[in-house]
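# I'll drop the sequence and a predicted model, then ask my questions.
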Amino acid sequence: MRTQEARFTAIELCAGVGGQALGLEQAGFDVVAAVDIDPNTCATLARNRPGWYTVCDDLKRIEPVSHQPMDYADVLSCGLPRSPYSIAGKQLATNDRRDVLRATLDMAAYIRPRVLVIENIPTFLRAPRFESERAAVRESIEDLGYEMVSSTLTATDFGVPQHRTHGFVIAMHAEDMTHFTWPTPTSKRCPTLGETLYESMASAGWPEAADWAANASEPAPLIMGGATGRGGADLGASRTKALWARWGIYGGSIGNSVPGPDFRRDFDIEPRHGLPKLTVDQVALLQGFPTEWQIVGGKTSAYRQISQTTPPPVSAALGRQIMDALRRSADTL
């Protein structure tokens, strides 16, 4: 009974808007520290979770010895910045000034958690051009005495209404890894884009909200765009914007409010005047955040924070499997 009630802790690096950390919290972990470089992001974390110890600084410069809550955690988790590994970011990997892979591995060597979680886009796990980065991860994990597994998880498998995949590397000691299995998809049908946003779209009296929702009959396209240094908030490149237009959404910018009673769709006029735009709050819903999660900053900053995150339900599903492995391992001692 004592082991079943044991509390396990987590530290989140590159915490962003808090998606991965929130998911670990939902899985039962106590988040003892969260690190990010962006002031608005840190303000978002502090507003929603004032009990988390938030460090707002460059991970490459942080001295963990100066932050007592970063001395140890059962889980050290990091969602690496995606831009250094994406085509839009020129795939410079560790040569990109925004990359923090080396800093993350150094932090793992200091904290020595029971579990290390590294998340990034799936190409990080399989693209030949990132083999040197994967080799660095394997070498660091071997030095720590851990075993490593990797896999991809699909957001729709865990109820997130968005076509999105995430690559994960999990490392832990052999006695813990024996009890770890990847999460299995939920048995429930994933909500569609229309089902997820109907209530929001109708909230200001838009008379076409029901028709729009009926047409938006699949999960949303991948939420993307908003990377640091890229410019304003939009839903991605031309091909991605075309996918959004198929479901009745204008992807060229983020809206300030939902459609009102006078808004009418018109597919024959210039798209930005004929299709509704997503608001930041709606994007957060499509990322699986609870409605009470408040995002600090202007529209561009808020969209950047939310577009780059791991959906909490995905992190929670993985976190529950990690929690189960740790508890089962404790029970065998």
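Structure received. Numbers count the residues shown, from 1 in each chain.
# and stretch 46-60, how far apart are its ends?
End-to-end distance for stretch 46-60: 21 Å, by Cα to Cα, to the nearest Å.
# In that stretch, which residues are buried?
Across stretch 46-60, burial judged by 16 or more other Cβ atoms under 10 Å covers 48-49, 52-56, 59. (Each C-beta comes from the backbone N, C-alpha and C, glycine too.)
# Please save the CA atoms from the longest helix anywhere in the chain in PDB.
The helix spanning the most residues in the chain, taking DSSP state H as the definition, is helix 312-331. Provided in PDB are the C-alpha atoms of helix 312-331 (Å, rounded to 0.1, in the frame of the first residue of the first chain):
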ATOM      1  CA  PRO A 312      -1.500  17.300 -22.200                       C
ATOM      2  CA  PRO A 313      -3.500  14.100 -22.900                       C
ATOM      3  CA  VAL A 314      -0.600  12.600 -24.900                       C
ATOM      4  CA  SER A 315       1.800  13.500 -22.100                       C
ATOM      5  CA  ALA A 316      -0.600  12.200 -19.500                       C
ATOM      6  CA  ALA A 317      -1.000   8.800 -21.200                       C
ATOM      7  CA  LEU A 318       2.800   8.400 -21.400                       C
ATOM      8  CA  GLY A 319       3.100   9.700 -17.800                       C
ATOM      9  CA  ARG A 320       0.700   7.100 -16.500                       C
ATOM     10  CA  GLN A 321       2.800   4.300 -18.100                       C
ATOM     11  CA  ILE A 322       6.000   5.700 -16.500                       C
ATOM     12  CA  MET A 323       4.300   6.000 -13.200                       C
ATOM     13  CA  ASP A 324       3.100   2.400 -13.400                       C
ATOM     14  CA  ALA A 325       6.700   1.200 -14.200                       C
ATOM     15  CA  LEU A 326       8.100   3.100 -11.200                       C
ATOM     16  CA  ARG A 327       5.500   1.700  -8.900                       C
ATOM     17  CA  ARG A 328       5.800  -1.900 -10.200                       C
ATOM     18  CA  SER A 329       9.600  -1.600  -9.800                       C
ATOM     19  CA  ALA A 330       9.200  -0.400  -6.200                       C
ATOM     20  CA  ASP A 331       6.900  -3.300  -5.400                       C
END
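# name the helices or strands packed onto it?
Applying 3 or more Cβ pairs under 8 Å, 6 or more residues apart in numbering; DSSP states H and E, we find helix 312-331 packed against helix 19-26, strand 115-120, strand 147-154, strand 165-172, helix 174-177.
# possible to save the ones you listed as a markdown table with distance to Asp211 and mean neighbour count?
Formatted as a markdown table, the helices and strands packed on helix 312-331 follow (distance: least, Cβ to Cβ, whole Å; neighbours: other Cβ atoms under 10 Å):
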| stretch | distance to Asp211 | mean neighbour count |
| --- | --- | --- |
| helix 19-26 | 31 | 26 |
| strand 115-120 | 38 | 24 |
| strand 147-154 | 29 | 16 |
| strand 165-172 | 31 | 22 |
| helix 174-177 | 51 | 16 |
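# Kindly present those as CSV, with separate columns for distance to Asp262 and mean pLDDT.
Shown next, in CSV, are the helices and strands packed on helix 312-331 (distance: least, Cβ to Cβ, whole Å; pLDDT from 0 to 100):
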stretch, distance to Asp262, mean pLDDT
helix 19-26, 35, 98
strand 115-120, 43, 96
strand 147-154, 39, 97
strand 165-172, 39, 97
helix 174-177, 59, 96
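# Tell me which of those sits nearest to Ser66.
Closest approach to Ser66 among the helices and strands packed on helix 312-331 is made by helix 19-26 (20.7 Å; Cβ to Cβ).
# Just want the angle from the closest one to helix 312-331.
Comparing the axes of helix 19-26 and helix 312-331 via axes from the mean of the first three to the mean of the last three Cα atoms, to 10 degrees yields an angle of 50 degrees.
# what residues does helix 19-26 touch?
Contacts with helix 19-26, where a contact means Cβ atoms under 8 Å, 6 or more residues apart in numbering, come from 10, 12, 15, 31, 34, 45, 49, 52, 75, 77, 79, 117, 119, 287-289, 293, 309-319.
# one more time with 7 Å, if that's ok
Under the criterion Cβ atoms under 7 Å, 6 or more residues apart in numbering, residues 10, 12, 15, 31, 34, 75, 77, 79, 119, 287, 309-316, 319 lie in contact with helix 19-26.
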